[in-house]
Every structure is written in structure tokens, then in C-alpha cells.
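Trainee: Here is a sequence together with a model predicted from it:
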Amino acid sequence: MAAVARAGAKGRAISPWATFAVANVAASEIGLASGLGNAFLQVGGAIGLALLSTISTTEFNGVIGTLHTPLAYPTALVDGFQRAFLAGALLLADGRLVVLLFMPQGGHTEREGEVETQEEDVLVFA
């Protein structure tokens, strides 16, 4: 069930992100912008996973070294996961603040009647 929720959330997040990545980019450079955005998505995901894994492992090692009971291992695992999830939630909240404060808000910037049109040459075979 968690995987379904995560997949739905990821689907709702990637579409606006991809739209933002190519917004205000010249038509001739949309492929470059899209590829660069995807590269940042992959690298950012790898760095984020490494960071959260490090936080979880550090907490696990700290707890496992202090407990000497049969429940030490599961307790250390849960504490490590809780710390990593808390760090992930705080990073998400920070990201939301950055977006709300520094990203331009609003709709289209073009005024009515100033929309540029592009003409294309079309070959017609009769």
C-alpha cells in the first residue's frame, strides 16, 4: 500500500517539475533543458538517498552501541528509520519554503493580444 501511495505522489510531483524545467526555454533548446532537468533529478535522488542512508546508519550505530538487550537490533533499526524520515520531512519543508519564497508565482506573463505566433513552411503534395 505504501508503494502505491509513493507512486501516486511521485507522479503528481514529476509532471509539474518537468513542466517547470522546460518553461521559458526556447523551442530549439527544450530537449537540452529536459535532459539537464532529468540529470539533476537523477543526481539529486542519488545524493538524497545517500544522505538519508547515512543519517539512518549513524543513528543505528549509536543506538546499537548503547543497548545490550535482545531487542537492541530492532530498536536501533526503528530509531534509525525514524531519524531518516524526520530529516526527509524537514528537507521537504525547506524545499517548499524555497519554492514559495523564490519561485515566480502566477500564470502567463504574456498580455492579451501580444501572443507570438510561429509560422511553419508546409509542403503540400498534390
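Mentor: Perfect, thanks for sending it.
Trainee: Spell out which helix or strand contains the residue nearest the centre of the chain, please.
Mentor: Centroid-nearest residue in the chain: Leu41, 6.5 Å away (criterion: CA atoms, centre = their mean). Using DSSP states H and E, Leu41 maps to helix 30-66.
Trainee: List the contacts of the nearest residue to Asn61 once chain neighbours are set aside.
Mentor: Spatially, and ignoring its direct neighbours in sequence, Asn61 is nearest to Ala76 (7.9 Å; CB to CB, 6 or more residues apart in numbering). The C-beta positions use only the backbone N, C-alpha and C, and glycine is treated the same way. Counting by CB atoms under 8 Å, 6 or more residues apart in numbering, Ala76 touches 59-61, 63-64, 67.
Trainee: Point out where the chain drops to low pLDDT.
Mentor: Confidence mapping of the chain against pLDDT under 70 gives the ranges 1-2, 106-126.
Trainee: Understood, closing this out.
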